[in-house]
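Engineer: predicted model follows, preceded by the sequence.
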Amino acid sequence: MDLKCNICFHKFDLGHHRPKSLPCGHTICKECLANPGLGKKCPTCRKNLPANPGTLPDNVLVVQIIEGAPPPSKVARTEDPRVQQLQCGVEAGRKLVEELRKSVPEAIKALNLLVNVSANHLYVMEEALEQLQQEAAGGADINPSPFLMRLAVQEEDRFRLLTTTTCSLVAVEGEDSWRASVELGQSDHVFRLLLQQLRMDGQLQKVDDANPTALSSYMGPPRISVLSIDDEADLDDEGDLKVDDILRNGRRWKHVRSVRNLSGRGSEKLLRVVAPHLEELEMSGPVGPGVMEEVKEMKLLRRLIVEYDEDYSVYPDLPVHLEELSLICPVLNQFQSMRHLTKLRSLNIEYSRNAPAVSFNRPLFCEPLWLGVSFHLGQRNTALSMIRAFAPKLQGLQIYCSTTRENADRDFYFPDLGPDLAACGLNALRQLVLERPHSVCSQVDVCLLQMQTIRGFLPSSVTVLCDICHRSVL
């Protein structure tokens, strides 16, 4: 068992780091207890310590563990196997009811989003149809965009799913599996709505009868094919991406599932070709709306890192099935699009100095478990609004902040960070990481005091770390 002091992060021992019990119930090491910087207060709950802290007793249980003595334990009583199985059933039933109570509201939110997205598609097609009909009536040549034609086919397919009559299903959990061949009746609304959701997320694909293997064009061992863009070899002198040269080398890009360091003008041409298989996309440098238009159509994309060009104010919506997302200098409508990412679990936001003020209000459709934010002092209210909105399920939080207000670091110095976070309702939080502006922490003592101060405002279960001083425990 790895037992550490929550102040200095050293393992407890029987010497300088001997575990000492405080009157409030917390435990710190002997060396930290003697630190005058504590001000004779518990660093966790800030309760007063005795006038002579040296008289405090050892934490006997921790000392026994260090010495190798097993802690006292109860002797398990043998029970009838049928009673044990019934107890397991009761426990599983309780968990099932609890999860169902959580899942039903989430399902309703997802279905409402499905209706909203469908209504938006309908509005786009109706507007385009009216414009094309007016142009045709005036004798002009009409040229509907490929996006509109794909959208029309997609909506026809989704409507047919609402009237499907047969569905085969296989559910797998560990070594167990369940199978069903279902004849859908008029009352099977939930099942048809599930098919709609799978189709919207790109997980339910239409099989081409003339080419039944079209969805599995690659046959071979599992692999992750990565295309990395080299700035020297793949960009010309004017900064344009050498798309033709890359595409001539079929072995380099066919079946690629991850593109990294994508940059240069003309990137959208390459994405248009590799989009069908792409699951990860990391872009280097600002991109315009044309690139994000291609990203929007990527049905398998799960991980995206993108930096926006501040010369543009409007970008296409983000793919709704993203699980990990990093936005650098995002524009206003991308914040609005981000709210509907129901599968998002990891989110990183790096604000520009001129970022718009945004207020995040619950309920949101996206509920990430991990959030990283980098913001200037002027964007404090926007960042705190985002943290509050995601707080109920947020388990990991990383904030870019400095330990001093000197020079350029003053824009990232937040002396009231502890009280600000305490007011956000971070009841599920497990870890707070303070990301530093520099690769070396020149004032370790100041860093530790800052972490101790912030920890005093958060629940005792939260670990507060510096990404430089304590990199090994991240």
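Structural biologist: All right, it came through fine. Numbering: from 1, shown residues only.

Engineer: distance of the residue nearest the centre of the chain from Phe390?
Structural biologist: With distances taken as C-alpha atoms, centre = their mean, the residue of the chain nearest its centroid is Ser346 (1.0 Å). Separation of Ser346 from Phe390 (C-beta to C-beta, to the nearest Å) stands at 11 Å. The C-beta positions use only the backbone N, C-alpha and C, and glycine is treated the same way.

Engineer: picking up where we left off before, need the contact list for the residue nearest to the centre of the chain.
Structural biologist: Counting by C-beta atoms under 8 Å, 6 or more residues apart in numbering, Ser346 touches Glu323, Glu324, Leu325, Pro368, Leu369, Trp370.

Engineer: wait, the fourth one touches Leu344, no?
Structural biologist: Yes. With contact defined as C-beta atoms under 8 Å, Pro368 counts as touching Leu344 (5.2 Å).

Engineer: mind listing the residues bridging to the residue nearest to the centre of the chain?
Structural biologist: Glu324, Trp370 (DSSP bridges).

Engineer: still on that earlier bit, mutual contacts of Ser346 and Phe390, please.
Structural biologist: Contact with both Ser346 and Phe390 is made by residues Pro368, according to C-beta under 8 Å, 6+ apart.

Engineer: where do the helices sit along the stretch 201-350 of the chain?
Structural biologist: Taking DSSP state H, counting those that start in this stretch as the test, the helices found in the stretch 201-350 of the chain are 231-234, 243-248, 250-253, 267-274, 289-296, 332-338.

Engineer: re the thing from before, what's the closest of the contacts of Ser346 to Glu126?
Structural biologist: Leu325 (30.6 Å; C-beta to C-beta).

Engineer: wait, isn't that closest one in contact with Glu350?
Structural biologist: No. With contact defined as C-beta under 8 Å, Leu325 does not count as touching Glu350 (11.8 Å).

Engineer: which of the two has more neighbours?
Structural biologist: Leu325 (24 against 16; other C-beta atoms under 10 Å).

Engineer: list the residues that contact that one.
Structural biologist: By C-beta under 8 Å, 6+ apart, the residues touching Leu325 are Arg303, Leu304, Ile305, Leu318, Met338, Leu341, Leu344, Ser346, Leu347, Asn348.

Engineer: now, the residues you listed that are in strands?
Structural biologist: Counted as lying in strands by DSSP state E, out of the contacts of Leu325, are Arg303, Leu304, Ile305, Ser346, Leu347, Asn348.

Engineer: in CSV: the residues you listed, plus pLDDT and distance to Leu3.
Structural biologist: As requested, the ones in strands among the contacts of Leu325 are exported to CSV (pLDDT from 0 to 100; distance: C-beta to C-beta, whole Å):
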residue, pLDDT, distance to Leu3
Arg303, 92, 36
Leu304, 93, 40
Ile305, 94, 38
Ser346, 92, 30
Leu347, 92, 33
Asn348, 93, 32
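
Engineer: identify whichever of the helices of the stretch 201-350 of the chain lies nearest to Cys167.
Structural biologist: Of the helices of the stretch 201-350 of the chain, nearest to Cys167 by C-beta to C-beta is helix 289-296, at 28.8 Å.

Engineer: nice, that's everything, thank you.
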